[in-house]
Structures are given as C-alpha cells and as structure tokens.
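Asks: Sequence plus predicted model, see below.
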Amino acid sequence: GAAVTSTVNVTGRTGNAPSNLAVGVDIVHTYRGDLVVDLIAPDGSVYSLSNRSGGSADNIQQTFTVNASSEVANGAWKLRVQDKA
C-alpha cells in the first residue's frame, strides 16, 4: 500500500540529535509483519525501525533507539509507515 507519513518539527535545539534517540510508535494494524517503519531525518537520511518483523501479531507499540548523532537535531523529522503485503 501507499506510505503514510507523520511529521514532527523540532526547533530550538542546538547541535546534533542524540546517539540514543528514542522513537516511540503506537501503530494499530492487524498484521505487523507486513509493515516497514522508517524514521527520516531532515536531510533525507533513512533509519529503519522495523522491516516486516513481528509475524502475524497485531500492532506495533514499541520504542526504538536510533543513533542519529550525525544529524542536525532541528528540522522536520518524519515517521514513514508502509504496508508491503
């Protein structure tokens, strides 16, 4: 299916994002093994959070940790979710 994105605009931060950036997601879906979930940094760099993992279980309610220390903290960060069934 088509990808769905959600944007969070970060402002007022100095320097880069942390090496242990916590990304919490609460996605309701009947078969999470179909989903690809990515965090997209303001410069377009893509960090894979979940790539069709979880099998036939429902929903993704989890906090992922990402080393985003090479990214500037401020800007539009996007969470992209796509059903790859």
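Replies: Good, I have the coordinates.
Asks: okay, CA-based contacts and neighbour counts for the rest of this
Replies: Fine.
Asks: what about the residue most central in space within the chain, helix or strand, and which?
Replies: The centre of the chain sits closest to residue 39, judged by C-alpha atoms, centre = their mean, with a distance of 3.2 Å. Applying DSSP states H and E as the criterion places residue 39 in strand 35-40.
Asks: That strand: partners in the sheet, and parallel or antiparallel?
Replies: For strand 35-40, the pairing partners within the sheet under DSSP bridges are strand 46-51 (antiparallel), strand 75-83 (antiparallel).
Asks: Out of the ones you listed, which is the most enclosed?
Replies: Mean neighbours per residue, mean count of other C-alpha atoms under 10 Å, is largest over the strands paired with strand 35-40 for strand 75-83, with a mean of 18.
Asks: gap between that strand and the chain center?
Replies: Offset of strand 75-83 from its chain centre (C-alpha atoms, centre = their mean, to the nearest Å): 6 Å.
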